[in-house]
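3D model of this:
(2 chains)
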Protein chains: 2
Amino acid sequence: MQKDYKPMWSDLEMNLDAHDGLLGVLTEAYTNIYLSQKNRPDGMKYFDFVISEVHGLRIEEIVEAKKQGRKVIGTFCVYVPEELILAVDGVCIGLCAGADVGTDEAEKYMPKNTCALIKAFMGFKLAGLCPYVQTADLIVGETTCDGKKKAYELFDEMTNGKVYVMEIPNKKNKDGKILWRNEVKRFAAKLEDISGKKITLEKLKEASKLVNNKRKALQRLASLRSADPSPISGLDALLINQVAFYDDPVRFTVKVNELCDELTERVKSGKGVSLAGSPRILISGSPMAIPNWKIHAIVEGGGATIVGEESCVGERNFASLLDDNFTSLDDGMQKIAERYLTINCACFTPNDERLTDIQNIAKRVKADGLLHYAIQFCTPYMMEATKVKKVADKIKLPFLRIETDYSMEDMGQLKTRIEAFLEMIGKGVKA
Amino acid sequence: MQKDYKPMWSDLEMNLDAHDGLLGVLTEAYTNIYLSQKNRPDGMKYFDFVISEVHGLRIEEIVEAKKQGRKVIGTFCVYVPEELILAVDGVCIGLCAGADVGTDEAEKYMPKNTCALIKAFMGFKLAGLCPYVQTADLIVGETTCDGKKKAYELFDEMTNGKVYVMEIPNKKNKDGKILWRNEVKRFAAKLEDISGKKITLEKLKEASKLVNNKRKALQRLASLRSADPSPISGLDALLINQVAFYDDPVRFTVKVNELCDELTERVKSGKGVSLAGSPRILISGSPMAIPNWKIHAIVEGGGATIVGEESCVGERNFASLLDDNFTSLDDGMQKIAERYLTINCACFTPNDERLTDIQNIAKRVKADGLLHYAIQFCTPYMMEATKVKKVADKIKLPFLRIETDYSMEDMGQLKTRIEAFLEMIGKGVKA
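Numbering: from 1, shown residues only, chains lettered A, B, ... in the order given. Next comes the predicted model:
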């Protein structure tokens, strides 16, 4: 950290002592997992800096933005249209949900067998440890799973009515599309209401280009990982996909593109983070919020490289662009609604498009194995794993199914299973 | 059983040996739990008979109906409009989902931490032990929870494409209502398609009256349980609510009304199944499918009486009548859609109407305590329990939260907790 942020955290009514402890743990984990990596691109220095200031400088920027009258919109899902938030000059941020924090407190409100991500967002709030949620003027939930859908009702009480829930339909048929388009419009109206600003065609087009540019930069990064050897570790790429939810989008886009320039040079010269021919793993499943680096750390610690994430923190966030050639606000809303419905979340039934996505990504990144990751009790992804396995079997892609939470208790067991999987892939584990 | 049904079960491709075993276990459980009860109404003899023939005579009737060209529609949810099924002369039946059957097989397709009801319907099919699913021409699923929503995708493959899923919206707002009304119409069209019969206004009105009559009979039964002492045990009332999903609806209605005549006499003479003043318990939460009698058996074994079920197998199934004064098919569809949306399932967000229902029912049945029952991993009801507890605290109604599955492993622990609860209610446990 560059300076003493305690007065700011205190203003945000955070629990200062516990927060010190959390930052200590995070710094140690980051040092061990990230900074110990060899052969990292120079461009990662920016993201190292962002992480070191993730509760500091970035929060200061957000507090400053609030002083200038901008509204802060907290989200938990890639279905929340960022374009609309930017079109009212809002700040769009992901909320803390990636660590075992405040679990005991959260379990007073919800069953123990709730997924770790949900317990975490509740726990971070109850423990006073997430500066993002403390700055939020509006917290946008969605109906993507039973756990979140019902937890938002309780979260609303904890945040003095700041929660606004967008309904995601269960099916992508005609009625579902109409319902979702109306939800998008209703959300736009809500944003106008709380910001006191009108969404104009010009503003929406500008915001749309900005978010598309961010997506294009992330697509470029994803594409560069297709090289063998990959020019960047899965851990670093995951980090960038995580930071995408927190950083200023314009600056973030510039920095990702700068990194991609460097990676392009690496690919040209055949330079990579691992030996060519080491196992290339595609991850698919539940999202991994900061600082959930568990699976990547084990896989890459085992000598393999993760070359893609078919995940909300990954491909599902950036794979499709918005058609920003709209000519009216109504047309814009319609195109936004359509763009978001291309995200193949397991909340839909059926969701066979996801199976196609996985096959396409696996081919593009030249995956040697598919690791299906589900947060324990994440029913939609756990259930879909059965169909994903069937597809993997069909295309003869070695498949491993992992269910875990945020604790470190199963690290030994996971390590054994994952290393056996990497050996099975037949290229051997490179220690 | 009246006769040898093995040839029929064999025609239905059931697993005869395992089925014999299942029937043996069921008969024993029924004898121990039901037939051992004292002071039962004579009218329960019919329901004892129904249970003794639940895989026999009733299946024979259904097979006969199929021979006459009637279609058999299997369901798992009170959101599936029975009126429409009857309007095409269909047979509407609940499918087996109440016992630990085929669990090992089911867990090959879905995670262990899936709710027992879902594992059971999958398990019954995989083990070849549910004659109802074997006769079904169409299996109607719905999007009421993540587990069912995703399990139906797998179930569809296991039943050669017999699954049809109705979308229940997440919110009861204007768009949700439109979506649901269109789902009702689509379901009607599907039924016409598979049955080859047209739904006419006359047919729909007739079916609507029939289903309303069934609901009225169940309402009458529910109302009679308000007497102190209750003229019928919670176990027997639960059984009737379970049989409601399997029996011929006209005959069932007659038999429930006959029983209610008897219960009316009992109430007049102050005759009941327990001592007046013994603890009166309202159950609220997840549905209890046949033969899930676990909680009722423990509570009533502890000397208390269960006087109501705020459950899909209970109040949510019959509490509201359909306005059958419609004058066109379109009006009928609209009224059906409206009637079903009065069911306050935990799949909705928010679902505060359920909290009102619980308070009203508790008052009506003069409950001394509220037992919130959730099947383990039933996220919607487990999550809502937090709000239900808050309401119970507000109205000073003693509250106990139970989460369990279909196994008998936790019987001792549950017995201890429930008996402590009954003692706490302050009227003492009457052994």
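
quick one: low-confidence parts of the stretch 251-400 of chain A?
Within the stretch 251-400 of chain A, the set of residues satisfying pLDDT under 70 is empty.

Single out the residue in it that lies closest to chain B.
Shortest the stretch 251-400 of chain A-to-chain B distance, computed as CB to the nearest CB: residue-wise this is A:M383, at 3.4 Å. Using the backbone N, CA and C atoms, a C-beta is placed for each residue, glycine as well.

So what's the residue count around that residue?
The tally of other residues near A:M383 (other CB atoms under 10 Å in any protein chain shown) stands at 26.

Quick one: distance of the helix or strand containing it to the chain centre.
A:M383 is located in helix A:379-394, with elements delineated by DSSP states H and E. Averaged C-alpha coordinates place helix A:379-394 at 21 Å from its chain's average position (CA atoms, centre = their mean, to the nearest Å).

Next: stretch A:268-284.
Averaged C-alpha coordinates place stretch A:268-284 at 22 Å from its chain's average position (CA atoms, centre = their mean).

returning to what we had before: any idea what sits nearest the residue of the stretch 251-400 of chain A closest to chain B, other than its immediate chain neighbours?
With CB to CB, 6 or more residues apart in numbering or on different chains as the criterion, A:M383 has its nearest non-adjacent residue at 3.4 Å, and that residue is B:K150.

Can you give me the neighbour number for that neighbour?
Number of residues near B:K150 (other CB under 10 Å) recorded here: 29.

correct me, but the residue of the stretch 251-400 of chain A closest to chain B touches B:Y152?
No: the pair A:M383 / B:Y152 is not scored as a contact, 9.9 Å apart, by CB atoms under 8 Å.

For the stretch 251-400 of chain A, which segments count as strands?
With DSSP state E, counting those that start in this stretch, the ranges of strands along the stretch 251-400 of chain A come out as A:280-285, A:305-310, A:369-375, A:399-404.

and the residue nearest to A:Y152 when sequence neighbours are not counted, how far is that from A:M158?
Ranked by CB to CB, 6+ apart and with sequence neighbours excluded, the top spatial neighbour of A:Y152 is A:G141, at 3.6 Å. Remark: distance between A:G141 and A:M158 (CB to CB, to the nearest Å) = 12 Å.

Between those two, which is the more surrounded one?
Neighbour count, other CB under 10 Å: between A:G141 and A:M158, A:G141 has more, with 24 against 15.

contacting residues around the spatially most central residue of chain A?
With distances taken as CA atoms, centre = their mean, A:V313 lies nearest the centre of chain A, 2.8 Å away. Applying CB atoms under 8 Å, 6 or more residues apart in numbering or on different chains, we find A:V313 in contact with A:L238, A:N241, A:Q242, A:F245, A:P287, A:M288, A:A289.

Tell me if I'm right that the last one and A:I118 touch.
Pointing back at A:A289 there. No: using CB under 8 Å, A:A289 makes no contact with A:I118, being 11.0 Å away.

Overlap of the contact sets of these two?
In the contact map built from CB under 8 Å, 6+ apart, the residues linked to both A:A289 and A:I118 are A:A97.

Any buried residues in the helix or strand containing A:A207, and which?
Secondary-structure element containing A:A207, defined by DSSP H and E: helix A:201-224. Buried residues in helix A:201-224, counted by 16 or more other CB atoms under 10 Å in any protein chain shown: A:203-205, A:207-208, A:210-215, A:217-222, A:224.

roughly how far apart are the residue of the stretch 151-300 of chain A found nearest chain B and B:T159?
For the stretch 151-300 of chain A, the nearest residue to chain B under the criterion CB to the nearest CB is A:N170, separated by 4.0 Å. Separation of A:N170 from B:T159 (CB to CB) stands at 20 Å.

what does the stretch 251-400 of chain A have sitting close to chain B?
The stretch 251-400 of chain A has residues A:346-347, A:349-350, A:376-377, A:379-380, A:382-384, A:386-387 near chain B, with proximity defined as CB under 8 Å from any CB of the partner chain.

what about 6 Å?
By CB under 6 Å from any CB of the partner chain, the part of the stretch 251-400 of chain A that sits against chain B consists of A:T349, A:P350, A:T379, A:P380, A:M382, A:M383, A:T386.

Turn those into TSV, including distance to B:K415.
Output for those, formatted as TSV (distance: CB to CB, whole Å):
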residue	distance to B:K415
A:T349	39
A:P350	43
A:T379	30
A:P380	35
A:M382	32
A:M383	33
A:T386	37
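
nearest to B:V365, of these?
Of all these, A:T379 has the smallest distance to B:V365: 33.5 Å, by CB to CB.

Now do the same contact list for that closest one.
In this structure, A:T379 makes contact with B:D146, B:G147, judged by CB atoms under 6 Å, 6 or more residues apart in numbering or on different chains.

Make sure A:M122 is actually in contact with A:A106.
Yes: in this structure A:M122 lies within contact range of A:A106 using CB atoms under 6 Å: 4.0 Å.

one step back: between A:N170 and B:T159, which one's more packed in?
When A:N170 and B:T159 are compared on other CB under 10 Å, the one with more neighbours turns out to be A:N170, at 25 against 17.

Distance check, the more buried one against B:G176.
A:N170 sits 11 Å away from B:G176, going by CB to CB.

same check, this time on A:L239
39 Å.

Which of the three states applies to the residue in the stretch 1-150 of chain A that chain B sits nearest to?
Chain B sits closest to A:K150 of the stretch 1-150 of chain A, with a gap of 3.4 Å, by CB to the nearest CB. The assignment at A:K150 comes out as helix when based on DSSP: H, G, I helix; E, B strand; the rest coil.

what do you get for the one 5 residues further on?
The local conformation at A:F155, judged by three-state DSSP, is helix.

by contact count, what packs against the helix or strand following the helix holding A:A207?
On the C-terminal side of helix A:201-224, the nearest following helix or strand under DSSP H and E is helix A:234-243. Contact here means 3 or more CB pairs under 6 Å, 6 or more residues apart in numbering or on different chains; DSSP states H and E; on that basis helix A:234-243 packs against helix A:44-52, helix A:294-301.

Give me the buried positions along the longest one.
So the one you mean is helix A:44-52. In terms of neighbour count (16+ other CB under 10 Å), helix A:44-52 has its buried residues at A:M44, A:Y46, A:F47, A:V50, A:I51, A:S52.

Same check on stretch A:177-188?
Quick answer for stretch A:177-188 (16+ other CB under 10 Å): A:K177, A:I178, A:L179, A:W180, A:R181, A:N182, A:E183, A:V184, A:K185, A:F187, A:A188.

can you check stretch A:124-142 too?
Using 16+ other CB under 10 Å as the test for burial, stretch A:124-142 gives A:124-136, A:138-142.

Need the distance between the two termini of that stretch.
In terms of CA to CA, to the nearest Å, the two terminal residues of stretch A:124-142 are separated by 19 Å.

ranges for the strands of the stretch 1-150 of chain A?
Per DSSP E, counting those that start in this stretch, the stretch 1-150 of chain A carries strands over the ranges A:72-75, A:91-94, A:138-142.
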